[in-house]
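Engineer: Sequence and predicted structure, then a few things I'm wondering about:
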Amino acid sequence: MRSLILGGVRSGKSAHGESLLRGSSQIRYIATGPVLSSDADWTARVDAHRARRSAKYLTVESIDVAGLLRTDSATATLVDDLGNWLAAALDSCDGWTGDVDLSHIYDELASAIAAFDGDLVIISPEVGLSVVPPTPAGRRFQDELGRLNTAVARVCDRVDLVVAGRVLSLPADSAAADSAAAEPVSAPASVPGAAPIVAAAAPAPLPAPDVAPLPAPGIGVPDPTDAENFPRIDAPDVDAAERARQRQLTLTKPPGSLGRLEEIGNWVAACQGTCPPRQFSQPRVVVFAGDHGVARTGVSAFPPEVTAQMVANIASGGAAVNVLARRSGASVQVFDMSVDADTSPDVARFKVRRSSGNLAVEDALSIDEARRALAAGRAIVDELVDAGADLLIAGEMGIGNTTPAAVLIGALTGREPVAVVGRGTGVDDAAWNRKTAAIRDGMWRVRRLVDDPLALLAAVAGADLTAMAGFLAQAAVRRTPVIVDGVVVTAAALVANLLAPGAVDWWIAGHKSTEPAHAFALDLLRLEPVVELSMRLGEGSGALTALPIVAASVDLLSSMATFDEAGVSGG
Ligand SMILES: Cc1cc2ncn([C@H]3O[C@H](COP(=O)(O)O)[C@@H](O)[C@H]3O)c2cc1C
Ligand SMILES: O=C(O)c1cccnc1
């Protein structure tokens with residue numbers, strides 16, 4: 001959890017920040033203020049802070065906050081404070097008077113914060129609420145601190161404002177934060193006079209606001225050998241589920257009155273093997289991006305270039321998935337599995353190829369490529385779970401994606417192409433015809449592969465959907481619950497449950513998309529969607545829309561008073 005604590009002078013912000021790390025046994029305290037000072041009042045303030053902190057604090061006095069965060073990104077850390085850090089930064093570059101652009105050092109700090117895995121609390125003064133200072137240096141400091149706080153807030157999971165010792169938790173998404181840096185996206189191909197296509201794959205030069213840390217490219221590329229072989233999947237803990245059912249009966253409500261919320265809470269308890277369940281502390285979203293050869297044949301309402309543009313948008317924090325994730329404190333990572341453009345090395349870390357083949361006429365991937373994609377999805381889960389992720393969501397971005405999804409669902413549920421085809425991004429009738437024909441051809445090509453999940457994925461899925469299948473199955477191996485998204489992710493889920501039978505018990509369906517194939521896939525998996533809001537976006541948006549409800553079911557089961565505790569008579 002990365003927290004930014006803002007507040008005025010003597011507001012109680014440091015004490016509040018320290019209280020957030022109360023549970024940590026060892027805390028690194030990065031003090032950014034001047035160490036030696038002839039100012040007795042300053043020294044007394046520093047001493048008062050020191051006296052309040054217990055022996056478990058290890059104090060480091062330095063202004064190289066980004067360097068220290070990168071050197072050790074696991075130990076719980078308190079940075080106190082950014083005001084001093086900014087003053088030192090302005091000192092170092094003649095920034096008080098000169099017209100110096102400091103955005104690169106804010107970005108470097110924000111990227112180090114985004115890459116921090118452990119608990120991190122950053123204290124910063126909020127000086128923007130006072131009068132505009134009369135001196136140029138004062139105005140500079142106030143302006144820069146506003147910019148710095150905004151940049152840091154964007155990579156924090158939690159932002160609190162402390163005023164007069166009272167803590168105000170600031171909501172996750174604000175228009176001001178969201179307006180930053182989003183790449184423009186081309187209009188639908190079918191719109192006359194559509195805006196020109198924006199240069200594809202502008203490499204995100206800096207790590208994204210809410211994008212979680214990525215190891216250096218090339219490190220940890222997974223071994224694809226046997227990627228399709230999964231161990232036996234154990235069911236979630238039936239004893240914990242039974243304890244959860246019994247506990248529901250003791251809570252101060254008529255039995256069953258919270259309906260599906262009770263079942264969801266019980267499921268989380270079973271996945272965690274504990275009752276009451278713990279609230280999720282690290283929900284993680286991974287967006288798998290890829291292009292599909294079939295999209296060059298006019299089966300989408302948008303041109304394929306939009307895939308790379310949206311990857312940049314997601315990496316910059318401007319897509320729906322980012323906004324929804326911020327609402328729930330989930331982090332978002334995007335991986336280019338097969339985008340038909342160059343993306344930045346961290347995003348392309350697991351890239352299998354540029355665009356998958358056209359499923360209507362050729363294999364989307366070779367078997368070796370499919371293994372590499374599966375192994376990537378599995379490795380991503382291992383990295384996330386090893387780093388503490390306790391809830392996973394797969395999202396997707398790829399123009400044309402609903403075509404391979406419909407092929408997989410049609411093939412595995414035995415439906416006709418006309419039953420599984422949908423409008424996707426909003427295709428017109430002519431594109432619907434082309435799309436249905438492509439689905440028909442793809443289904444014909446895989447008619448004998450429905451019992452061979454690896455071959456099925458290679459033939460039609462492409463590297464993005466294949467990596468998703470690996471991700472979903474590996475989550476079950478790692479006993480980590482998943483909220484499944486829309487038609488594309490659920491198509492991958494169908495194959496994942498063939499690769500790792502029983503994996504479905506570790507998944508819940510976030511929503512039901514308006515794509516017709518989605519309902520068939522959910523039925524086959526016997527998954528009941530949490531919400532149905534006529535959504536048809538993908539990216540992980542449906543799963544993230546359900547996340548607050550899933551989280552609420554955990555709160556209810558863990559925090560409601562029992563009849564005994566509350567002295568309420570039972571029925
Ligand atoms: C701007 C934009 C953002 C998106 N985010 C998700 N999708 C969704 O739409 C695509 C699938 O629909 P089809 O098969 O019709 O191409 C995928 O990229 C999916 O993630 C988007 C599509 C667009 C255009
Ligand atoms: O349901 C989905 O996931 C979906 C629907 C339309 C377009 N893209 C994704």
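Structural biologist: Sure thing, it's come through. Ligands and ions are numbered 1, 2, ... in the order given.
Engineer: all contacts plus neighbour counts: C-alpha atoms, from now on.
Structural biologist: Fine.
Engineer: now the strands for the stretch 51-200 of the chain?
Structural biologist: Assigned by DSSP state E, counting those that start in this stretch, the strands in the stretch 51-200 of the chain fall at 57-61, 77-80, 120-125, 158-163, 166-170.
Engineer: With ligand 1 as the reference, name the closest of those.
Structural biologist: Of all the strands of the stretch 51-200 of the chain, strand 158-163 sits nearest to ligand 1, with 25.8 Å by Cα to the nearest ligand atom.
Engineer: And that closest one, what does it pack against?
Structural biologist: strand 2-7, helix 13-20, strand 166-170 (3 or more Cα pairs under 8 Å, 6 or more residues apart in numbering; DSSP states H and E).
Engineer: Just the CA atoms of the shortest one, as CSV, please.
Structural biologist: Pointing back at strand 166-170 there. This file holds the C-alpha atoms of strand 166-170, laid out as CSV (Å, rounded to 0.1, in the frame of the first residue of the first chain):
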residue,chain,number,x,y,z
ARG,A,166,-8.7,15.1,11.6
VAL,A,167,-8.1,12.8,8.6
LEU,A,168,-10.0,13.2,5.4
SER,A,169,-9.5,10.3,2.9
LEU,A,170,-9.5,11.7,-0.6
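Engineer: Averaged pLDDT, it. What do you get?
Structural biologist: Average pLDDT, strand 166-170: 85.
Engineer: ok, now the first one?
Structural biologist: Strand 2-7 shows a mean pLDDT of 94.
Engineer: low-confidence ranges in the stretch 401-550 of the chain?
Structural biologist: Residues of the stretch 401-550 of the chain meeting the criterion pLDDT under 70: none.
Engineer: Can you pull up the residues of it that come close to ligand 2?
Structural biologist: Neighbours of ligand 2 within the stretch 401-550 of the chain, by Cα under 6 Å from any ligand atom: 402, 424-425, 486-488, 513, 515, 536-538.
Engineer: which one of the helices and strands packed on strand 158-163 is the most hemmed in?
Structural biologist: Comparing the helices and strands packed on strand 158-163 by mean neighbour count (mean count of other Cα atoms under 10 Å), strand 2-7 ranks first with a mean of 25.
Engineer: now the angle from that one to strand 166-170?
Structural biologist: Strand 2-7 and strand 166-170 are oriented at 130 degrees to each other (axes from the mean of the first three to the mean of the last three Cα atoms, to 10 degrees).
Engineer: Can you give the strand pairings for strand 2-7, parallel or anti for each?
Structural biologist: Sheet pairing of strand 2-7 (DSSP bridges) gives strand 120-125 (parallel), strand 158-163 (parallel).
Engineer: Would you map the helices across the stretch 451-571 of the chain?
Structural biologist: Under the criterion DSSP state H, counting those that start in this stretch, helices of the stretch 451-571 of the chain are mapped to 453-456, 462-477, 487-499, 516-525, 541-559, 563-566.
Engineer: who touches the first one?
Structural biologist: Outside of helix 453-456, the residues within contact range by Cα atoms under 8 Å, 6 or more residues apart in numbering are 228, 367, 370-371, 446, 449-450, 495, 498-499.
Engineer: Reformat the strands of the stretch 51-200 of the chain into TSV and put distance to ligand 2 next to each item.
Structural biologist: Below are the strands of the stretch 51-200 of the chain laid out as TSV (distance: least, Cα to the nearest ligand atom, whole Å):
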stretch	distance to ligand 2
strand 57-61	47
strand 77-80	38
strand 120-125	34
strand 158-163	28
strand 166-170	30
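Engineer: can you put the ones you listed in CSV and add distance to Asp429?
Structural biologist: Output for the strands of the stretch 51-200 of the chain, formatted as CSV (distance: least, Cα to Cα, whole Å):
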stretch, distance to Asp429
strand 57-61, 65
strand 77-80, 57
strand 120-125, 52
strand 158-163, 46
strand 166-170, 46
